[in-house]
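In: sequence first, predicted model second:
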Amino acid sequence: MKKYVFWNNKGGTGKTSLAFQTICTYADNHPKERVLSIDVCPQANLSELFLGGLHHGGSDNLLKRQGESVRATIGGYFQIRLPSPYSTPSFVPQDFLTKPFQYNDQVPKNIDLLCGDPLLELQANAISTLANNQIPGTNTWISIIDWLSDFIKPLNDKYDVIFIDTNPSFSIYTQIALSSAEMLLLPVMADDSSRRAIQNVFSLIYGLKLPSEIYAKYAFAEKLKEAQRTLPKVHLIIKNRLTQYMGPASAYHTVLTAIDGDIESLLTTQGAIFTFNGLKDGVVDIRDFQTTGVVAFARGCPFYKLSSGRLDLLGQRVQVKEAYRINCVKDITKLVTKL
């Protein structure tokens, strides 16, 4: 089973919209594979997209799943772990899973979803406290970090690929998500804050260029290595929301070139944390989705199923140009072929 995680320490990089389109396109291109999508974000935007988007009641459908007798979300799963944080209780993973196609017929039938949940924010302090308890003979932090892996383990023979969407924070639930994946998909944008965010990613996940040795023993990477756990490897750098203004003379181009330089340097000095050897294999360019993206996400619709022309969007008529839609499909397909 392949396990991918979308993460960047910076918000606004289009991570969730990329995740939705990537997961749908991958599932559509591989109809015989079973795909599990896990939304480890209290905002649960990915779940709302899968369950219909703003236009088709995605938020209301998510609330229904949260209101089930067994709360059918990642928050519901974490809730049963809180009383038994260091040993795995008896549970049925399928009780927490949702079939998005039953709510949104635009998404492929071979996708299952573990919904996101705002309860994660309330749970975070309790989970962090439990992770830092001192109990002789028990690595409490690792026991907590393994929660999502514990959920996935009984499903190993039921799914071919797992995609995990995350929150930009590096909170305990994000660390739980990252530790359960094998490959990192890292969206970036053409601005200085994205470049700094990439540097933060490598510090936070891999412990590179920490400001002081004081932090080393507390670092995520060191704690996983001590427990003989593996770190996810960087599989793709996704340059997202590129525009027509990113030519060789633009400030955007300068930043993107600098990002390339940073990655090439790390490939030379820290090659083991990447799945690729050269930029051309590990970098993919994605153009700005513009109006096509706004309509697709409001409708919870993959680009390949979206109609062009004048479409209704919450009572307004919005123009989706076929040429733009085709470009969106091409870019996401290009990304999927690199998975």
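Out: Looks like it came in fine.

In: alpha carbons only for contacts and neighbour counts from here, please
Out: Noted.

In: helix or strand right after the helix or strand bottoming out on mean pLDDT in the chain?
Out: Using mean pLDDT, DSSP states H and E, the weakest-scoring helix or strand in the chain turns out to be strand 309-313, at a mean of 71. Next in sequence after strand 309-313, counting helices and strands by DSSP states H and E, comes strand 316-320.

In: following that next one, which helix or strand comes up?
Out: helix 322-337.

In: who are the packing partners of that next one?
Out: helix 15-29, strand 283-287, helix 290-299 (3 or more Cα pairs under 8 Å, 6 or more residues apart in numbering; DSSP states H and E).

In: and the angle for it with helix 15-29?
Out: 80 degrees (axes from the mean of the first three to the mean of the last three Cα atoms, to 10 degrees).

In: now helix 322-337: how far from the chain's centre is it?
Out: Taking Cα atoms, centre = their mean, to the nearest Å, the mean C-alpha location of helix 322-337 is offset from the chain mean by 19 Å.

In: show me what the strand ranked longest in the chain is packed against.
Out: Scanning the chain for the strand with the most residues, using DSSP state E, yields strand 233-242. Contact partners of strand 233-242 among helices and strands, from 3+ Cα pairs under 8 Å, 6+ apart: strand 183-188, helix 279-282, strand 283-287.

In: show me the shaky parts of the stretch 51-200 of the chain.
Out: For the stretch 51-200 of the chain, the stretches with pLDDT under 70 are 190, 192.

In: where do the helices sit along it?
Out: 58-66, 74-81, 119-131, 140-145, 147-152, 172-179, 192-206 (DSSP state H, counting those that start in this stretch).

In: got the ones you listed as CSV, with distance to residue 87 and mean neighbour count columns?
Out: Output for those, formatted as CSV (distance: least, Cα to Cα, whole Å; neighbours: other Cα atoms under 10 Å):
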stretch, distance to residue 87, mean neighbour count
helix 58-66, 25, 19
helix 74-81, 8, 21
helix 119-131, 12, 16
helix 140-145, 7, 21
helix 147-152, 9, 19
helix 172-179, 15, 23
helix 192-206, 25, 18
